[in-house]
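In: Mind looking at a prediction? Sequence and model below.
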Amino acid sequence: MSPAVEPAENGESTMKNAVVLLSGGMDSAVVLAIARQQGFVCHALSVSYGQRHTAELAAAARVAQALGAYAHKTVAVDLRSIGGSALTDDIAVPESPQAGIPVTYVPARNTIMLSIALGWAEVLGAQDIFCGVNAVDYSGYPDCRPEFIQAFERLGNLATRSGVEGNRLAVHAPLMAMSKAQIAQEGIRLGVDFSATVSCYQADENGLACGRCDACRLRAEGFRAAAVADPTRYA
């Protein structure tokens, strides 16, 4: 991956700015690599939302640097204060698949993250937001469906000065229809170092994965199906 792209000295550039949501997991790392490959000047955005697995934020910083993000910002939002999820509340993280929407779903998380990305994009004059939502291996989360992304894009174009003035916003979810195996293969093609990423819902402070939660299971199955060695650092 080439180094981060500097804007032209006169303040103009043929390359467009984009905001890329970067959690520190494998999916968002691949999305950042895709956006860079497409020629965007990437402003990576992470959200410290009260998640118990804070090691993913350190991973996001590593990934942003390694994949040549022009800038990386972390914004704090206290979703632990409202709870309601095993990722933010004192609820056990399940270690076997659950029927329906699992307790690892964080209420309104993707809506909040995309809203912050929307605000930063408007300040930057960016008309493109990238996120790593996936409708294939998505654990049943309602805010990972194409209908949600389409609805948020409509909202973004209705709710911002930029959108009202005709600078249309696009929300890109390039992994939407990809399996975890396909995501792993795409990441390898783009030079993503998956060992730097953290996906585990209960990773320790050093980023070591439990190997048992839903996120670990999906990740491991993806590498196995892709015939790629699993670089995950397990506890």
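Out: Cool, got the structure. Not measured: the values here are computed from a predicted model.
In: can you pull out the helices in this protein?
Out: Along the chain, the stretches classed as helices by DSSP state H are 26-37, 55-66, 109-124, 146-159, 161-164, 180-189, 214-225.
In: So which elements touch the strand ranked longest in the chain?
Out: For the chain, the strand that runs over the most residues, judged by DSSP state E, is strand 41-48. Secondary-structure packing of strand 41-48 (3 or more CB pairs under 8 Å, 6 or more residues apart in numbering; DSSP states H and E): strand 17-21, helix 26-37, helix 55-66, strand 71-76, helix 109-124. Backbone N, C-alpha and C define where each C-beta goes, glycine included.
In: Could you dump the ones you listed into JSON lines and include distance to Phe223, mean neighbour count and mean pLDDT?
Out: Listed next are those as JSON lines, based on distance: least, CB to CB, whole Å; neighbours: other CB atoms under 10 Å; pLDDT from 0 to 100:
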{"stretch": "strand 17-21", "distance to Phe223": "23", "mean neighbour count": "25", "mean pLDDT": "98"}
{"stretch": "helix 26-37", "distance to Phe223": "9", "mean neighbour count": "26", "mean pLDDT": "98"}
{"stretch": "helix 55-66", "distance to Phe223": "17", "mean neighbour count": "21", "mean pLDDT": "98"}
{"stretch": "strand 71-76", "distance to Phe223": "26", "mean neighbour count": "14", "mean pLDDT": "98"}
{"stretch": "helix 109-124", "distance to Phe223": "25", "mean neighbour count": "19", "mean pLDDT": "98"}
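In: And those: which comes nearest Met176?
Out: The closest of these to Met176 is helix 26-37. By CB to CB, the value is 10.5 Å.
In: which secondary structure elements does the closest one contact?
Out: Going by 3+ CB pairs under 8 Å, 6+ apart, helix 26-37 lies up against strand 17-21, strand 41-48, helix 55-66, strand 128-130, helix 180-189.
In: Turn these into JSON lines, columns for distance to Ile34.
Out: Below are those laid out as JSON lines (distance: least, CB to CB, whole Å):
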{"stretch": "strand 17-21", "distance to Ile34": "9"}
{"stretch": "strand 41-48", "distance to Ile34": "10"}
{"stretch": "helix 55-66", "distance to Ile34": "13"}
{"stretch": "strand 128-130", "distance to Ile34": "7"}
{"stretch": "helix 180-189", "distance to Ile34": "7"}
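In: tally of neighbours for Met15?
Out: Neighbours of Met15 under the rule other CB atoms under 10 Å: 14.
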